[in-house]
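Q: Okay, predicted coordinates and the sequence, questions at the end:
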Amino acid sequence: MKFDIKKILELANVDYEKAWIESAKYLEKNGKKFKLINKGRPHPLYEFIENARAIMIQMGFEEIVLPMIIEASHVYREYGPEAPLILDRLFYLAGLPRPDIGISAEKEQMIRQIDSSIDLNELKKILREFKLGKIEADDLIESLVLRLKIKEENATKLVDSVFTEFKILKPIPTNLTLRSHTTALWFPVLSALQGKKELPIQLFHIGPKFRREQNLDKTHLYTSNTISCVIMHDEITLEDGMGITKNILEKFGYKDVKFEIKKATSKYYAPQMEFEVFIKHPITNNWLEIGDGGFYSPVSCAKFSIQFPVFNFGMGVERFLMIQEKEDDIRNLVYPYFYKDIIFSDQEIAEGICFENEPMTKVGKEIMNAIIQTLERHKDDMAPLEIVAWKGKIFGKKVEIMIWENEEGVKLLGPAAFNEIWINEGKILGLKPGAEKPQHGIYTGIRYIDSIAALVARKIEELNDQKELKFRIKMVKRPSEINLHINDSIRYFINSKNKKIDIRGPIFIGITCRIV
RNA sequence: GCCGAGAUAUCCAAGCCUGGUAUGGAGCGGGCCUGCUAAGUCCGUGCAGUAAUGCUCGAGGGUUCGAAUCCCUCUCUCGGCGCCA
């Protein structure tokens, strides 16, 4: 059932609780009306990640889960003096403080108005426990309902209109941050694993990182994914690391790889031990940076008590995807529903057009075909005349389907009856058979007559006690008049692009179905 | 962070400078005309109301007899520059 959004919002503004309770009427509880249809499709991002995981595991890396949240102090330990620059890009997590709520005389009166039976002492106790953290925010309403024995809507009212302290809360930042790069997590993790796990330690993780970008554009998102791996061993060289990196990229399908030692090394890497990796874009032939790696700085390691060399390499998942999918806007790639104009090709439009009604039974389909064939054979016969298109039994009833034209001196059918429905440059057109067709147009395979025959056949299937069913279609000017259905998203597309739907013409068809 | 452009009914737009009935097209619906073929003609089409009428141009406020239009605040969108470890 469609929601009446305007009505719902109006009511919700006046009385949220009432709106909430009444909204249940829009939803159905019982019955079997829906089955999943076959629309399954992976998101290219996760498809890529799935494939990458398999490659990393196969190469000998162990997958681990890294926390998303990290203390800001770790960043100082890893980056040293550079840290403040890094912190600028971080999302700090904040929380709402628990308010002190006293019950003034004024509040007492408001509470009495909502429900005079409320036990004020118990209420005070609940609020105190909430402040102390004994009751979680999620459970506050539930506690009010259960312990004060009041209705849920009244509990909501208490919070909404009496204890307005909840509404004016300002978030207070903590020293926790969302990870801005996976590396931030490797230090504490390797520190914890050191001594517990045999060397070499070979780990990888694929997951999101978060950066407070100033604005989002073609190449920047708040959230993007990184493939990150580390190798900790007492005997390993940068050359080894680069060789492994090259290997990984080869498995990903990229052979043209270029390494460059970074001139300005990040402080968590050792000097002259950080490199960037470029691959040649298969289409533009430009060198694109897709990742970097190197040895972690022994200073940073020491701050985490790490005693062995750590080689690290990381790549941006979205960067790869952009190459792979030939997409130059990262937003279209990851969040197409927000950013990408949904565009339907002529082919897709053609597929979105079907009969509004069509026969469901075998005999119904037979009737439809009989009508079409009869019309094809007799379309140029001169009126007046009446032709039997089909005779037979349907659902125990003997019926006879006649095609007729009474007017003298004209043909059985109007000239547009056999018009074909074509799609061209986003337009839906009904074109005369045999006429010149648009060069790149797509034929839907549907003629006016096919659609009409489908409708007639369906109506005959639905025939109840009527003795006679008469169809007369003269001039048409809309798809609905000839039983054509254009799916909503296609219609929206055509509409929003200001394209035409031009299904018109003189059809002049008469069909009568009689029970004999 | 700085600068610029924008938000109008189901969709696409016009109206804004210069305040005075919400304009056009598409789509949708209806009437008339009928043998018209990239297509005849007229009407309806934001919301509430039986009606008179009232309300509606992102939200809120202000100026004014009168605001889509002028002023202020806010929200969101798009673009450019900067930042992007």
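A: Arrived safely. Numbers count the residues shown, from 1 in each chain, chains lettered A, B, ... in the order given.
Q: Let me know how buried the closest residue to residue A:332 other than its chain neighbours is, in neighbour terms.
A: Spatially, and ignoring its direct neighbours in sequence, residue A:332 is nearest to residue A:340 (4.4 Å; C-beta to C-beta, 6 or more residues apart in numbering). In this view, the C-beta of every residue, glycine as well, is placed from N, C-alpha and C. Using other C-beta atoms under 10 Å, residue A:340 is surrounded by 13 other residues.
Q: so how far is residue A:478 from residue A:340?
A: 31 Å (C-beta to C-beta, to the nearest Å).
Q: Looks like residue A:303 contacts residue A:79 (just checking).
A: No: if you go by C-beta atoms under 8 Å, residue A:303 and residue A:79 don't touch, sitting 10.1 Å apart.
Q: who has more neighbours, these two?
A: Neighbour count, other C-beta under 10 Å: between residue A:303 and residue A:79, residue A:79 has more, with 20 against 17.
Q: Isn't residue A:69 up against residue A:177?
A: Yes: Residue A:69 lies in contact with residue A:177 (C-beta under 8 Å); the separation is 7.2 Å.
Q: any weak-confidence spans in chain A?
A: Scanning chain A for pLDDT under 70 picks out A:1-2, A:4-7, A:9-10, A:13-14, A:98-100, A:164-170, A:282-284.
Q: Tell me how it divides into domains.
A: A:5-40, A:45-91+A:176-339, A:97-169, A:348-515 (automatic domain parsing).
Q: looking at those domains, which is closest to RNA strand B?
A: Of all the domains of chain A, the one in closest proximity to RNA strand B, counting by C-beta to the nearest atom of the strand, is domain A:348-515 (1.9 Å).
Q: gap between the two ends of that closest one?
A: Using C-alpha to C-alpha, to the nearest Å, the end-to-end distance of domain A:348-515 comes out at 41 Å.
Q: and that domain, how far out from the chain's middle?
A: On the basis of C-alpha atoms, centre = their mean, to the nearest Å, domain A:348-515 sits 37 Å off its chain's mean C-alpha point.
Q: do the same with stretch A:18-26
A: Per C-alpha atoms, centre = their mean, the displacement of stretch A:18-26 from the mean C-alpha position of its chain is 27 Å.
Q: what about it, start to end distance?
A: From its first residue to its last, stretch A:18-26 covers 14 Å (C-alpha to C-alpha).
Q: buried sites along it?
A: Under the neighbour-count criterion of 16 or more other C-beta atoms under 10 Å, stretch A:18-26 has residue A:19 buried.
Q: before we move on, the earlier item: format the domains of chain A as JSON lines; extra columns: distance to RNA strand B.
A: Below are those laid out as JSON lines (distance: least, C-beta to the nearest atom of the strand, whole Å):
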{"stretch": "domain A:5-40", "distance to RNA strand B": "6"}
{"stretch": "domain A:45-91+A:176-339", "distance to RNA strand B": "3"}
{"stretch": "domain A:97-169", "distance to RNA strand B": "16"}
{"stretch": "domain A:348-515", "distance to RNA strand B": "2"}
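Q: give me every residue that touches residue A:305.
A: Contact analysis of residue A:305 by C-beta atoms under 8 Å, 6 or more residues apart in numbering lists A:191, A:194.
Q: next one: phi and psi at it?
A: Per-residue torsions, residue A:305: phi 60, psi 30 (degrees, to the nearest 10).
Q: How about residue A:365?
A: Torsion angles, degrees, to the nearest 10, at residue A:365: phi -70, psi -40.
Q: ok, it - contacts?
A: For residue A:365, the contact set (C-beta under 8 Å, 6+ apart) comprises A:359, A:457.
Q: Starting from residue A:388, give me the distance back to it.
A: Taken as C-beta to C-beta, the span from residue A:365 to residue A:388 is 19 Å.
Q: Helix, strand or coil: sort out the residue nearest the centre of chain A for me.
A: Closest residue to the average C-alpha location of chain A: residue A:337 at 5.8 Å, with C-alpha atoms, centre = their mean. Applying DSSP: H, G, I helix; E, B strand; the rest coil to residue A:337 yields a three-state assignment of helix.
Q: do the same with the one 10 residues further on
A: With three-state DSSP as the basis, residue A:347 sits in helix.
Q: what's the answer for residue A:90, then?
A: On the three-state scheme (three-state DSSP), residue A:90 is labelled coil.
Q: give me every residue that touches it.
A: Residue A:90 makes contact with A:72, A:75, A:177, A:178, A:180, A:211, A:212, according to C-beta under 8 Å, 6+ apart.
Q: The first one: how many residues sit nearby?
A: In other words, residue A:72. 18.
Q: Can you tell me how far it is from residue A:90?
A: According to C-beta to C-beta, residue A:72 stands 7 Å off from residue A:90.
Q: Spit out the residues that contact these two alike.
A: Jointly contacting residue A:72 and residue A:90 under the rule C-beta under 8 Å, 6+ apart are residue A:177.
Q: Which residue ranges of the stretch 351-500 of chain A form helices?
A: Secondary structure of the stretch 351-500 of chain A by DSSP state H, counting those that start in this stretch: the helices cover A:362-378, A:448-461, A:488-496.
Q: looking at those helices, which is closest to residue A:285?
A: helix A:488-496 (34.8 Å; C-beta to C-beta).
Q: what's the next secondary structure element after that closest one?
A: Heading C-terminal from helix A:488-496, the first helix or strand you meet, by DSSP states H and E, is strand A:501-502.
Q: which of the helices of the stretch 351-500 of chain A sits most buried?
A: helix A:448-461 (a mean of 24; mean count of other C-beta atoms under 10 Å).
Q: Against which helices or strands is it packed?
A: In terms of contacts (3 or more C-beta pairs under 8 Å, 6 or more residues apart in numbering; DSSP states H and E), helix A:448-461 is packed against strand A:353-355, helix A:362-378, strand A:397-405, strand A:468-476, strand A:505-515.
Q: Thanks again, I'm all set now.
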